[in-house]
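Peer 1: Generate a structure from the sequence data that follows.
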Amino acid sequence: MNRFKETTARAREARSTGDLASAASLLTEGLRMWKGVALAGVPGPFAGQQRSVLGGLRLACAEEQLACEVERGRYTEAAAELSALLVEHPLRERICSLLMTALYGAGRQSEALTIYHMTSHLLRQRLGVSPSPELQQVHERILSGRFQLRQSADRPKGAPQTPPPHVPAQLPAALPSLVGREREQEQVECLVADAEASSSVAICTVGGLAGVGKTAFATTVAHRLADRFPDGQLFADLQGAGPEAGPRDPAHVLEDFLQSMGVRLEDMPETAQARGLMFRGLLANRRVLVVLDNAWNTDQLKHLLPGGPGSMALVTSRMQLHALVAAYQALPLTLMPLSQTDARSLLARRLGAARTAAEPEAVDRIIRLTGQLPLALANVAARAAYRPQLRLAGLADEYEAPECSTLDAFASDEDQALDVRESITRSYRLLDTETAALFRDLSGCPDPMFAASQVAELAGRPECRVRQVLSRLTRTHLVSEIGPGRYSWNRLVAAYAMERAGQAFLDQGEPARW
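Peer 2: Next up, the predicted model:
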């Protein structure tokens with residue numbers, strides 16, 4: 001033991017003079033003096049206490065030796081040894097700090113951040129404590145790209161140690177102006193302010209009927225909030241009600257996100273869970289806005305959400321995401337069709353105030369025909385814009401022509417995203433067989449507002465069962481609950497239900513009645 005102490009003392013002296021090579025060599029010599037576990041097999045509490053003390057001396061010597069290697073710029077070799085040492089001592093923060101530094105110095109920034117996140121999780125889970133200020137400082141310096149290290153001994157002289165920090169800017173183009181939705185915008189801004197004040201993550205869900213403008217709202221609001229998230233804005237279409245290929249795999253979404261933040265493919269973990277850990281590690285202490293459009297369910301989202309304060313997730317979905325609201329305290333917003341005033345303003349902005357003011361009755365007819373649905377209004381406005389010589393009354397006449405079904409008037413051969421029938425179809429596909437059958441039966445209701453008791457009589461089923469199925473319909477926003485046992489639906493959705501019921505009767509591919 002005396003020889004070991006003398007060797008480590010000489011190492012400390014060499015290190016104090018800046019002779020890192022000699023210090024590392026002496027510490028390596030000291031480690032070779034250890035043969036197995038001290039006092040192995042010796043029973044009793046005193047022997048156990050001494051084993052602990054001597055084991056601590058050996059571990060401290062190993063840490064010092066690897067610290068010298070890191071300071072010398074021998075990052076690759078040190079990272080390999082430190083990784084093995086951290087497996088043995090997962091709560092040892094100095095080992096974590098040295099390993100993060102070595103990985104960063106070797107150009108493996110994403111791995112360094114993943115190690116920090118894993119260690120932080122273990123510290124909180126097992127000890128109930130946060131990482132030390134020293135470890136947090138290493139993490140922040142890596143994130144900021146301001147970590148000044150010695151030139152790596154493994155790289156050519158002059159080669160950059162790490163790439164500059166990436167700031168993604170993925171938001172799609174925003175609408176020039178968003179009509180209405182002032183109250184909802186204010187709610188989102190209040191959510192962000194409250195999250196900043198309480199140092200928490202902000203999560204908001206935006207739901208509503210197909211074609212009501214969820215994506216347009218989220219994108220426009222995201223642009224308005226962008227300056228409050230200077231570390232970047234991420235966007236992904238999760239295809240929750242999109243092509244027949246089905247919802248996007250979160251692992252693929254995370255691959256895109258991580259690449260946009262500077263992670264190389266060769267450094268990418270394999271599983272969605274591991275990628276989610278890396279993603280949350282990269283977002284720690286950064287302010288990033290994540291827009292997740294067209295989500296399928298909460299399970300698809302769990303690895304895509306920011307984990308700490310400073311960032312925000314803005315999620316749109318055709319489904320009510322109850323689990324997200326319950327588990328993450330997300331703010332739920334539901335967009336409704338535009339008011340008469342806002343629908344008139346939309347047409348005036350698209351077609352010009354003079355043109356709409358000249359034919360107020362025709363404008364009101366068009367608004368009624370569209371069910372005040374933004375997608376249908378935009379479709380009408382696009383057709384009218386290409387036909388400036390046509391009076392709006394003539395356009396309304398075309399939509400009301402007997403040979404033209406309600407939804408045919410709002411079809412689009414160019415882009416299915418602009419086709420009202422296709423948009424409602426994507427919500428219809430989300431229904432199970434029983435709920436779809438009840439939806440078709442609702443086409444027999446004469447009024448846009450109806451009671452559960454009316455539907456029960458129409459379907460010939462118990463009212464309690466009808467209420468259960470109607471609650472599933474409300475989750476897709478095809479039907480809205482306006483009071484206990486009272487419901488309503490949009491006129492275009494009612495037209496779609498009638499089409500489905502008629503088609504089921506003709507081809508018998510679907511039961512015509514529930």
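Peer 1: Residue 435 reaches residue 471, doesn't it?
Peer 2: No: applying Cβ atoms under 8 Å, one finds residue 435 not in contact with residue 471, separated by 9.5 Å. Yep, even glycine has a C-beta here, placed from its N, CA and C like the rest.
Peer 1: between the two, who's got more neighbours?
Peer 2: The neighbour comparison of residue 435 against residue 471 (other Cβ atoms under 10 Å) goes to residue 435, with 20 against 15.
Peer 1: Against residue 470, how distant is the more buried one?
Peer 2: 9 Å (Cβ to Cβ, to the nearest Å).
Peer 1: What of residue 179?
Peer 2: Taken as Cβ to Cβ, the span from residue 179 to residue 470 is 31 Å.
Peer 1: Residue 66 now?
Peer 2: 65 Å.
Peer 1: which non-adjacent residue is nearest residue 29?
Peer 2: residue 7 (5.7 Å; Cβ to Cβ, 6 or more residues apart in numbering).
Peer 1: which element is the one you found on?
Peer 2: helix 2-16 (DSSP states H and E).
Peer 1: again with residue 437
Peer 2: According to DSSP H and E, residue 437 maps onto helix 433-441.
Peer 1: And residue 307, by the same measure?
Peer 2: Using DSSP H and E, no element contains residue 307; it sits outside every helix and strand.
Peer 1: these two touch, right, it and residue 284?
Peer 2: Yes: under the criterion of Cβ under 8 Å, residue 307 makes contact with residue 284 at 7.2 Å.
Peer 1: can you pull out the helices in the stretch 301-450 of the chain?
Peer 2: Using DSSP state H, counting those that start in this stretch, the helices found in the stretch 301-450 of the chain span residues 322-328, 340-351, 353-358, 360-370, 374-385, 392-400, 420-428, 433-441.
Peer 1: pLDDT score for residue 42?
Peer 2: Looking at residue 42, its pLDDT reads 50.
Peer 1: My error: substitute residue 427 in the last question.
Peer 2: 91.
Peer 1: hmm, which helix or strand of this structure has the shakiest average pLDDT?
Peer 2: None of the helices or strands of the chain scores lower by mean pLDDT, DSSP states H and E than helix 45-71, at a mean of 73.
Peer 1: Heading C-terminal from it, find the next helix or strand.
Peer 2: helix 75-88.
Peer 1: on that earlier part again, for the helices of the stretch 301-450 of the chain, give me TSV that also has distance to residue 213.
Peer 2: Shown next, in TSV, are the helices of the stretch 301-450 of the chain (distance: least, Cβ to Cβ, whole Å):
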stretch	distance to residue 213
helix 322-328	20
helix 340-351	10
helix 353-358	19
helix 360-370	12
helix 374-385	4
helix 392-400	20
helix 420-428	11
helix 433-441	22
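Peer 1: where exactly do the strands run in the stretch 151-300 of the chain?
Peer 2: All strands of the stretch 151-300 of the chain, identified by DSSP state E, counting those that start in this stretch, fall at 202-208, 233-237, 289-293.
Peer 1: out of those, which comes closest to residue 335?
Peer 2: Closest approach to residue 335 among the strands of the stretch 151-300 of the chain (Cβ to Cβ): strand 202-208, 3.7 Å.
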